[in-house]
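A.B. asks: sequence first, predicted coordinates after that:
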Amino acid sequence: MTAGSALLLLDLAGTAVFALNGALTAIRRARLDIVGVLTLGMVTAVGGGIIRDVIIDSLPPATFRDWRYLVVAAAGALIAFAWGRKLDRLALPIEVLDAVGLSLFAITGATKALDAGLGPLQAVILGAVTAVGGGTLRDVLIGRVPTVLSSGLYAIPALVGALITVVSVEMGLHGWVPASVAGLACFAIRLIGIRFDLNAPTPRGSSRE
């Protein structure tokens, strides 16, 4: 498998799990109909990638150049619509899917930024933006404070995953091993934050809702 094929596979995998995540959020928190579920699922899935491609001037965005992105996003949302009530009975389904998508998009976002000629620091930032962009749009659409602003261990795991990816590439390490390390690091930090309700430090005297 070529590097380009592996990157596409990761991108599509992230699109699928974020579509499921967005659609499950629509069902569980917003009680939307099929149009709302499909819309929220697809926005969550492709939002971060569109933001990334606009920033690196890769236009039109990959979402609109490759039909597979829209098909995968729509399929993920429809699966959640059809089986959402059963999936909702599983422990923390939305948070786990979100952590998976966060990890995959942090890797692909950082890698595509480097491929576009951006520097290491910029690539780390863009990797994180790619990872949190779709979820941020999702939360705004349902009238909720974006998770990236209210959870200290949301943007931070994405930054860690993107950083490991960039360092690996700069060291000449490519393939599934460094990608897996970056993804697992991001995923583990996010789940630890959820499990133990950990957040970044806040100003003294402030409190989280």
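C.D. replies: Sure thing, it's come through.

A.B. asks: buried residues, stretch 58-65. List them.
C.D. replies: Neighbour-count burial for stretch 58-65 flags Pro61, Ala62, Thr63 (criterion: 16 or more other CB atoms under 10 Å). Every C-beta, even on glycine, is put in place using the N, C-alpha and C of the backbone.

A.B. asks: nearest residue to the first one other than its sequence neighbours?
C.D. replies: The reference is to Pro61. Asp53 (3.7 Å; CB to CB, 6 or more residues apart in numbering).

A.B. asks: returning to what we had before: tell me which of the buried residues of stretch 58-65 fall in helices.
C.D. replies: Members of the buried residues of stretch 58-65 lying in helices (criterion: DSSP state H): Ala62, Thr63.

A.B. asks: avg pLDDT for the helix or strand in which Cys186 is found?
C.D. replies: For Cys186, the element it lies in under DSSP states H and E is helix 176-196. Taken as a whole, helix 176-196 has a mean pLDDT of 92.

A.B. asks: ditto for stretch 99-114
C.D. replies: For stretch 99-114, the mean pLDDT works out to 93.

A.B. asks: restrict it to CA atoms and write it as PDB.
C.D. replies: Below are the C-alpha coordinates for stretch 99-114, written out as PDB (Å, rounded to 0.1, in the frame of the first residue of the first chain):
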ATOM      1  CA  ALA A  99     -11.900   9.900  20.300                       C
ATOM      2  CA  VAL A 100     -11.300   7.600  17.400                       C
ATOM      3  CA  GLY A 101     -12.100  10.300  14.900                       C
ATOM      4  CA  LEU A 102     -10.100  12.900  16.800                       C
ATOM      5  CA  SER A 103      -7.000  10.600  16.500                       C
ATOM      6  CA  LEU A 104      -7.400   9.800  12.800                       C
ATOM      7  CA  PHE A 105      -7.900  13.400  11.700                       C
ATOM      8  CA  ALA A 106      -5.000  14.700  13.900                       C
ATOM      9  CA  ILE A 107      -2.800  12.300  11.900                       C
ATOM     10  CA  THR A 108      -4.100  13.000   8.400                       C
ATOM     11  CA  GLY A 109      -4.400  16.800   9.000                       C
ATOM     12  CA  ALA A 110      -0.800  17.100  10.100                       C
ATOM     13  CA  THR A 111       0.400  14.800   7.300                       C
ATOM     14  CA  LYS A 112      -1.400  16.800   4.600                       C
ATOM     15  CA  ALA A 113      -0.100  20.000   6.100                       C
ATOM     16  CA  LEU A 114       3.500  18.800   5.700                       C
END
